[in-house]
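In: after the sequence you'll find the predicted model.
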Amino acid sequence: MSQQWNPLQDLMVLQDRMNRLFEDATQRRTEAEAGRGDEFERADWTPASDIYETESGYVLAIDLPGIARPALEINIDDNRLVVKGAREISKERQHRSERPRGRFLRTFSVPSSVDQAKIAAEFKDGVLEITLPKRSEQKSKKIDIKISDSRG
């Protein structure tokens, strides 16, 4: 059974890759202008990620197959979540190499609605999942305000 060629799907994949390239280039320029460009210049590749919102917060999933847990570093700096690490380069003679290797770096803006003290991460089956819980907001309650009579 052969798979039929789908030009629309190929164009969508190409557009997604171009968008990611543009975002990465723009982000690097912005960070370099802010004096943080050194780290970005040393990144060899950028892992794919998904971000979705739940009722209680946000979840960030980053594909990192083949990455050792000790090679990962996660921190927050100035409302930016920074995930960095490295995939080791094989010392054996390779006949083909398609997977990215070397250092990677991803940064994400953290919304002000996130409770940064409660951010948690789990690394399982090659996926780093970072949970960013929303701050608990106090529900508004009705308050009656008394009006004083200013007539003597």
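Out: Sure, I can see it. Numbers count the residues shown, from 1 in each chain.

In: centre-most residue in this structure?
Out: With distances taken as C-alpha atoms, centre = their mean, the residue of the chain nearest its centroid is residue 108 (4.7 Å).

In: excluding chain neighbours, what is closest to it?
Out: residue 81 (4.5 Å; C-beta to C-beta, 6 or more residues apart in numbering). For the C-beta atoms, the positions are set from N, CA and C on the backbone; glycine is no exception.

In: for the one you found, what is the enclosing helix or strand?
Out: If you go by DSSP states H and E, residue 81 is part of strand 80-87.

In: all helices for the protein, in order.
Out: Along the chain, the segments classed as helices by DSSP state H run 7-33, 37-42.

In: I'd say residue 134 and residue 113 touch.
Out: Yes: in this structure, residue 134 sits in contact with residue 113. The criterion is C-beta atoms under 8 Å, and the distance is 5.1 Å.

In: the more surrounded of these two?
Out: When residue 134 and residue 113 are compared for neighbours, residue 134 comes out ahead with 16 against 12, by other C-beta atoms under 10 Å.

In: and the more buried one, what is it in contact with?
Out: Residue 134 is in contact with 56-58, 113-115, counting by C-beta atoms under 8 Å, 6 or more residues apart in numbering.

In: for residue 7, see how far away it is.
Out: 41 Å (C-beta to C-beta, to the nearest Å).
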